[in-house]
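Task: produce atomic coordinates for the following.
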Amino acid sequence: MKLFAVVLLSLVALNAVQAGVDEDLRDSYIKFLGANNIKIDQAEAHRRLLAYKKESIDLANKYGIYDHIDELLSKTTELIIAASKAKVLFGSEYNKAVVAFHVLRNTLADHAHELEMIHVDFNNDLLASMAHDPTNNMGVKLLLAVNDEAKQLKYSLNYTAPVLRNIAANLVLEAYQVSIGKNITPVHELAQTISQRQRIDLEHPLSSGLRHYVESLQALFMKIYFGNSLDEYVGTPVLGKLMKTLRYAKYLQDDSILDGITGPALAIFESLVDNLMDLKKQIRH
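Residues are numbered from 1 along each chain as shown. A predicted model of the protein is given here:
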């Protein structure tokens with residue numbers, strides 16, 4: 001009887017500890033999103049965390065890697081909570097958490113199909129979108145350059161660093177929340193938007209690099225928006241407005257530099273320029 005009581009008390013204690021960890025993890029996400037001016041209530045945050053955890057455990061069981069995934073889940077949880085309590089919210093501790101979650105995601109991806117791990121990818125991309133790392137910092141810098149160049153053409157995008165970081169997180173929220181339930185994943189299209197964003201020319205921010213970025217946003221839009229959309233979700237939809245404002249900024253540059261050449265003719269001209277730049281690189285080698 002005493003042994004049973006000891007075991008029961010131990011289980012109660014373990015459950016209490018786990019509940020405390022889950023609450024800390026939930027509150028960490030609320031804090032991260034709140035810092036980017038995105039509101040999420042406790043119940044919704046908890047539900048989303050349970051979704052990626054359950055998905056991870058189910059896949060770990062399916063592919064016989066439970067022990068490894070359980071260890072990685074514990075590590076990522078620990079690092080995420082630590083990051084939320086760090087003096088600098090999106091500093092080195094946060095970057096460690098992002099890297100750890102990448103490891104979790106990639107370990108599952110070695111075995112599972114992408115459609116099986118949409119909640120894991122959702123969380124992975126959301127964490128990455130909020131990081132103040134070299135990639136995101138440069139992305140902000142490039143889009144601020146677009147903002148400044150557009151302003152010279154009397155067009156205000158009203159971009160600031162906080163606004164752009166809010167857009168980055170909301171873009172991930174929008175893409176995945178619209179995709180879930182449609183048997184699709186936006187993981188590749190989102191990755192492509194980041195890749196093309198980084199190719200914007202800092203010295204000539206309204207040049208062909210911006211066009212390629214807008215095209216990647218359009219590809220994401222075409223991927224996710226079909227059938228029924230959600231009535232409500234966390235965050236603010238930003239994709240449509242982002243495409244519209246950046247496309248217009250590009251058209252302004254087209255008219256000012258190329259004497260009214262727009263549309264297909266401009267695309268041909270820019271394609272020639274891109275090809276010449278590639279040829280220049282080959283000649284140098």
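
and residue 166, what does it touch?
Residue 166 is in contact with 36, 37, 38, counting by C-beta atoms under 8 Å, 6 or more residues apart in numbering. C-beta: built from backbone N, CA, C; applies to glycine.

Please disregard the earlier target; I meant residue 52.
With C-beta under 8 Å, 6+ apart, residue 52 has these contacts: 119, 120, 122, 123.

show me the contacts for residue 65.
107, 111.

where's residue 54, which helix or strand?
helix 42-62 (DSSP states H and E).

Kindly reformat the contacts of residue 52 as a markdown table containing pLDDT.
Formatted as a markdown table, those follow (pLDDT from 0 to 100):
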| residue | pLDDT |
| --- | --- |
| 119 | 98 |
| 120 | 98 |
| 122 | 98 |
| 123 | 98 |
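
Now flag whichever of those residues is closest to residue 235.
residue 122 (12.1 Å; C-beta to C-beta).

shouldn't the closest one be in contact with residue 169?
No - shown here, residue 122 and residue 169 do not form a contact pair, counting by C-beta atoms under 8 Å, at 11.9 Å.

Break this structure down into its structural domains.
Listed domain ranges for the chain are 19-132, 133-274 (source: automatic domain parsing).

Which of the ones you listed has the lowest mean pLDDT?
Of all the domains of the chain, mean pLDDT reaches its minimum on domain 133-274 (a mean of 87).

so what's residue 240 up against?
Residue 240 touches residue 221, counting by C-beta under 8 Å, 6+ apart.

could you say which helix or strand contains it?
helix 239-257.

what residues are up against the residue lying closest to residue 168 once chain neighbours are set aside?
Distances taken as C-beta to C-beta, 6 or more residues apart in numbering place residue 129 nearest to residue 168, at 4.6 Å, with adjacent residues excluded. Residue 129 sits next to 136, 168, 169, 171, 172 when contact means C-beta under 8 Å, 6+ apart.

quick one: which of those residues is nearest to residue 204?
Among the contacts of residue 129, and counting by C-beta to C-beta, the member closest to residue 204 is residue 136, at 21.7 Å.

From residue 85, how far off is residue 91?
12 Å (C-beta to C-beta, to the nearest Å).

Mind listing what's buried along stretch 128-135?
Within stretch 128-135, the residues scored as buried using 16 or more other C-beta atoms under 10 Å are 128, 129, 130, 131, 132, 133.

can you tell me the helix or strand for the closest residue to residue 133 other than its chain neighbours?
Excluding the flanking residues, the one nearest residue 133 by C-beta to C-beta, 6+ apart is residue 95, at 5.7 Å. Following DSSP H and E, one finds residue 95 within helix 92-109.

That helix packs against which elements?
Under the contact criterion of 3 or more C-beta pairs under 8 Å, 6 or more residues apart in numbering; DSSP states H and E, helix 92-109 touches helix 42-62, helix 66-84, helix 118-130.

Can you tell me which of these is packed in deepest?
helix 118-130 (a mean of 23; mean count of other C-beta atoms under 10 Å).

Please verify my assumption that residue 27 contacts residue 84.
Yes - between residue 27 and residue 84 there is a contact at 7.1 Å, judged by C-beta under 8 Å.

got a markdown table for the contacts of residue 129, with distance to residue 23, secondary structure and neighbour count too?
Below are those laid out as a markdown table (distance: C-beta to C-beta, whole Å; DSSP: H, G, I helix; E, B strand; the rest coil; neighbours: other C-beta atoms under 10 Å):
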| residue | distance to residue 23 | secondary structure | neighbour count |
| --- | --- | --- | --- |
| 136 | 28 | helix | 20 |
| 168 | 27 | helix | 23 |
| 169 | 22 | helix | 24 |
| 171 | 28 | helix | 24 |
| 172 | 24 | helix | 23 |
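
Out of these, which comes closest to residue 50?
So of the contacts of residue 129, ranked by how close each gets to residue 50 (C-beta to C-beta), first place is residue 172, at 18.8 Å.

how close does residue 177 get to residue 115?
Taking C-beta to C-beta, one finds residue 177 at 16 Å from residue 115.

That'll do, ta.
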